[in-house]
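**Q** please work out how this folds:
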Amino acid sequence: MFRVDAGSDVPIYRQLVQQVRRDVMLGRLQPGDQLPSVKDVVDALSVNPNTVVKAFSELEHQGMIVRRQGVGTFVAAAPPLASLAVAPRLLGPLARWVDRARQDGLDAEQIRMLLEVALDEPAAGEPAAAEDDRRAAGGAA
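**A** Predicted structure coming up:
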């Protein structure tokens, strides 16, 4: 279920948290689904148990998961991130775009930067309107 990138600048516990949040958002994990035990994650990833405990504690604090003593760890009945109904439909084209970017020689960091730029840019067909709004508000274009 989990993957870690030991060469990443993102701490391992944060990678685990992000993966659970992503899987809930994409509907891969549903309310009530059981997560692997700390021991299972430690064995699968060869990470320190405290790292997994820290990730699970943060997820519990965020309301994403619940721990049931002696039973296991489960996705919360009403996690704060709702599943995105459109995510599966959008994931295929996005995955193909990422494949094309990799074929063009971009690495993961460069692809992330492109996505961040795209998220920060106004939607297609809106740049002029956004610029006009900034001017009308007295801001620099």
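
**Q** where does this structure have its least confident helix or strand?
**A** Ranking every helix and strand in the chain by mean pLDDT, DSSP states H and E puts helix 127-136 at the bottom, with a mean of 51.

**Q** for Gly32, give its distance to Ala55.
**A** Note on Gly32: its distance to Ala55, by C-beta to C-beta, to the nearest Å, is 20 Å. Placement of C-beta: from N, CA and C, glycine included.

**Q** the more surrounded of these two?
**A** Set Gly32 next to Ala55 and count neighbours by other C-beta atoms under 10 Å: Ala55 wins out with 26 against 10.

**Q** what sits against Val20?
**A** Residues in contact with Val20 (C-beta atoms under 8 Å, 6 or more residues apart in numbering) are 29, 35, 55, 59, 64-65, 75.

**Q** could I have the buried ones of the residues you listed as PyMOL selection syntax?
**A** Burial among those is assessed by 16 or more other C-beta atoms under 10 Å; the matching PyMOL selection reads:
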select buried, resi 29+35+55+59+64+65+75
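
**Q** residues in contact with Ala19?
**A** One thing to correct before we go on: residue 19 is Gln, not Ala. Counted by C-beta under 8 Å, 6+ apart, Gln19 has contacts 1-3.

**Q** what comes up buried for the lengthiest helix in the chain?
**A** The residue-count maximum for a helix in the chain (DSSP state H) belongs to helix 87-103. For helix 87-103, a neighbour-count test (16+ other C-beta under 10 Å) marks Ala101 as buried.
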